[in-house]
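Student: Coordinates for the following, if possible.
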Amino acid sequence: MNTLNRKKSIGLYSLLVLGVFLLMSSYAYGSPDYYNYWTWDTGYSSAYGVDGWVDGGTDKIIFYSGTTAYIYQVTTTPGSDGDNPNLHPDNPDATGAIAPRVFTYDSQFALNSSYYGHDDAFYVGSDGFYLGTAWNGIEKYDLSGNYLTTIAPVKDDDWVQGLAYDEASQSWWTAGGTSRKVWKYDMANTSAGWTHEFTYTPLAGSDHHDGLEVLSNGNLLFADYAGQIVEYQQDGTFVAQHLHDPFPTELESMGAGALGHYWGGSHSGLIFEFGGGSLPPPDVIPVSIDIKPGSYPNSINLGSNGVIPVAILSSEDFDATTVDAGTVALAGAGVALRGKSNKAMAHEEDVDGDGDIDLLLQVETENLDPESFQDGYAVLTGNLLAEFGGTPIEGQDEISIVPPE
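Tutor: Down below sits the predicted model:
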């Protein structure tokens with residue numbers, strides 16, 4: 001579809017949005033599976049492409065209006081029941097009045113191209129901001145907002161909306177607004193272009209696809225613009241549906257990360273926050289780990305039947321003692337158990353001498369999966385304790401495999 005025709009189509013679409021959204025708002029979605037937390041009027045004429053992240057302990061969101069990107073810090077302030085961002089009257093794990101949100105202007109930067117519709121979305125990576133893919137391909141900006149390059153072409157034979165990235169497979173994902181076709185762009189095989197992986201099935205009463213996220217387990221979340229969310233594996237296998245009463249306004253793209261929740265943009269400049277309930281946590285907390293503290297290289301004999309000490313390190317922004325030791329695995333091997341009660345072999349101590357209390361675990365060597373080693377690194381996964389939200393964690397450290405004696 002050429003640019004002129006696409007602009008005409010988008011113009012017609014915008015005229016229909018309000019009426020269609022009002023119609024969809026009357027549709028009953030059933031009991032709530034997740035919670036609407038907050039709605040913020042940005043003051044801009046539109047708020048598209050929203051994404052969230054944590055920058056050195058500060059929660060931030062980014063969105064665009066016209067050809068300018070805006071970044072705001074978001075914090076909670078104490079309400080009648082505290083400032084926990086998960087507080088909600090319907091949340092059994094954090095029941096209480098919603099903590100007020102405060103949005104503070106951080107910065108802005110000019111986008112590279114002369115036109116962006118409402119279909120593009122930001123992805124915030126550790127090395128920069130990515131925006132795509134409906135109008136100008138996937139554009140990359142550095143963390144100061146300087147345009148660097150375009151890393152993927154436009155998917156111009158389908159009206160696509162949303163953008164997500166899977167770090168594990170180094171692949172980008174988007175989906176057709178009405179076709180529901182799911183497209184992948186593999187950075188390891190760019191010559192293949194955008195490939196059609198599967199077509200997902202909308203729920204009853206659904207209008208069109210608008211938001212997309214990749215979960216830490218690789219699953220894909222697809223959001224309808226009125227609040228229906230479905231979850232699929234990357235091979236097209238249906239996993240779950242997550243329903244709710246309609247959002248405060250239509251959803252135009254979906255992001256995740258700030259305050260541990262999901263965020264939606266809109267045509268009217270409203271941004272809203274939702275999450276919890278049955279929705280999987282949107283992000284993994286990166287953690288620092290030390291395999292065999294005090295030794296280097298970290299030599300591992302896969303023929304050993306012993307245990308390997310692994311420390312999850314606390315920092316200014318992370319308390320390792322909030323990790324559920326029973327959920328931790330290093331390269332597929334769980335924490336060793338002891339006694340009749342099968343208690344995880346883990347204890348708290350200041351492993352690195354920085355004054356913070358860390359979590360030291362003993363991992364079973366014989367259960368390590370060498371197929372999971374990544375370029376000389378072993379990856380640790382796990383979750384926080386339930387009272388701290390159960391959020392996934394992930395860290396890695398160098399290893400050196402030695403032959404059995």
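Student: so what secondary structure elements neighbour the one helix or strand Gln362 maps to?
Tutor: Using DSSP states H and E, Gln362 sits in strand 358-364. Counting contacts by 3 or more Cβ pairs under 8 Å, 6 or more residues apart in numbering; DSSP states H and E, strand 358-364 packs against strand 307-313, strand 323-330, strand 333-334, strand 346-349. Glycine gets a C-beta too; all of them are placed from N, C-alpha and C.
Student: mind listing what the longest one pairs with, with the direction of each?
Tutor: Sheet partners assigned to strand 323-330 using DSSP bridges are listed as strand 333-334 (antiparallel), strand 377-384 (antiparallel).
Student: Would you mind listing the buried residues in that strand?
Tutor: Val323, Asp324, Ala325, Thr327, Val328, Ala329, Leu330 (16 or more other Cβ atoms under 10 Å).
Student: Can you tell me which of those is closest to Asn298?
Tutor: Leu330 (11.0 Å; Cβ to Cβ).
Student: Tell me how far the closest one lies from Gly269.
Tutor: Leu330 sits at a distance of 46 Å from Gly269 (criterion: Cβ to Cβ, to the nearest Å).
Student: Same check on Ala344?
Tutor: 49 Å.
Student: Run through the stretch 101-250 of the chain and note the low-pLDDT ranges.
Tutor: 205, 245 (pLDDT under 70).
Student: how's the protein carved up into domains?
Tutor: 3-275, 285-402 (automatic domain parsing).
Student: hey, which of the ones you listed is tucked in deepest?
Tutor: Most buried of those by mean neighbour count (mean count of other Cβ atoms under 10 Å) is domain 3-275; its value is a mean of 18.
Student: export stretch 242-249 as PDB, just CAs?
Tutor: Taking C-alpha atoms only, stretch 242-249 is exported to PDB below (Å, rounded to 0.1, in the frame of the first residue of the first chain):
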ATOM      1  CA  HIS A 242      -6.900 -12.100  29.600                       C
ATOM      2  CA  LEU A 243     -10.200 -10.200  29.700                       C
ATOM      3  CA  HIS A 244     -11.400  -7.100  31.400                       C
ATOM      4  CA  ASP A 245     -14.000  -4.300  31.200                       C
ATOM      5  CA  PRO A 246     -12.900  -1.900  28.400                       C
ATOM      6  CA  PHE A 247      -9.900   0.400  29.000                       C
ATOM      7  CA  PRO A 248     -10.500   4.000  29.900                       C
ATOM      8  CA  THR A 249     -10.000   4.800  26.200                       C
END
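Student: Just the strands from the stretch 101-250 of the chain, written as ranges.
Tutor: In the stretch 101-250 of the chain, the strands defined using DSSP state E, counting those that start in this stretch lie at 101-110, 121-125, 128-132, 138-141, 147-152, 160-166, 171-176, 181-186, 194-199, 209-214, 220-224, 229-232, 238-242.
Student: helices and strands around the last one, which ones?
Tutor: Based on contacts counted as 3+ Cβ pairs under 8 Å, 6+ apart, the elements that strand 238-242 packs against are strand 229-232.
Student: starting at the chain centroid, how far to the strand it packs on?
Tutor: 14 Å (Cα atoms, centre = their mean, to the nearest Å).
Student: again, but for stretch 339-347
Tutor: That offset, for stretch 339-347, works out to 33 Å (Cα atoms, centre = their mean).
Student: now stretch 112-129
Tutor: 16 Å.
Student: same question, stretch 338-353
Tutor: Remark: stretch 338-353 is offset 30 Å from the chain centroid, using Cα atoms, centre = their mean.
Student: So what touches it?
Tutor: Stretch 338-353 is contacted from outside by 290, 293, 307, 311, 313, 320-321, 325-326, 328, 335-337, 356-362, using Cβ atoms under 8 Å, 6 or more residues apart in numbering.
Student: gap between the two ends of it?
Tutor: 27 Å (Cα to Cα, to the nearest Å).
Student: One more: stretch 178-198?
Tutor: Stretch 178-198: ends 14 Å apart by Cα to Cα.
Student: again with stretch 330-350
Tutor: For stretch 330-350, the first and last residues are 20 Å from each other (Cα to Cα).
Student: do the same with stretch 120-135
Tutor: Using Cα to Cα, first and last residues of stretch 120-135 are 7 Å apart.
Student: what's the closest of the helices and strands packed on strand 358-364 to Gln241?
Tutor: Among the helices and strands packed on strand 358-364, strand 323-330 sits nearest to Gln241 (Cβ to Cβ), with 25.4 Å.
Student: Glu139 contacts Tyr147, correct?
Tutor: Yes: in this structure Glu139 lies within contact range of Tyr147 using Cβ atoms under 8 Å: 6.5 Å.
Student: hey, what's in contact with both of these two?
Tutor: Going by Cβ under 8 Å, 6+ apart, residues that sit against Glu139 and also against Tyr147 are Leu111, Asn112.
Student: Leaving out the residues flanking it, which one is nearest to Gly176?
Tutor: Asp158 (4.4 Å; Cβ to Cβ, 6 or more residues apart in numbering).
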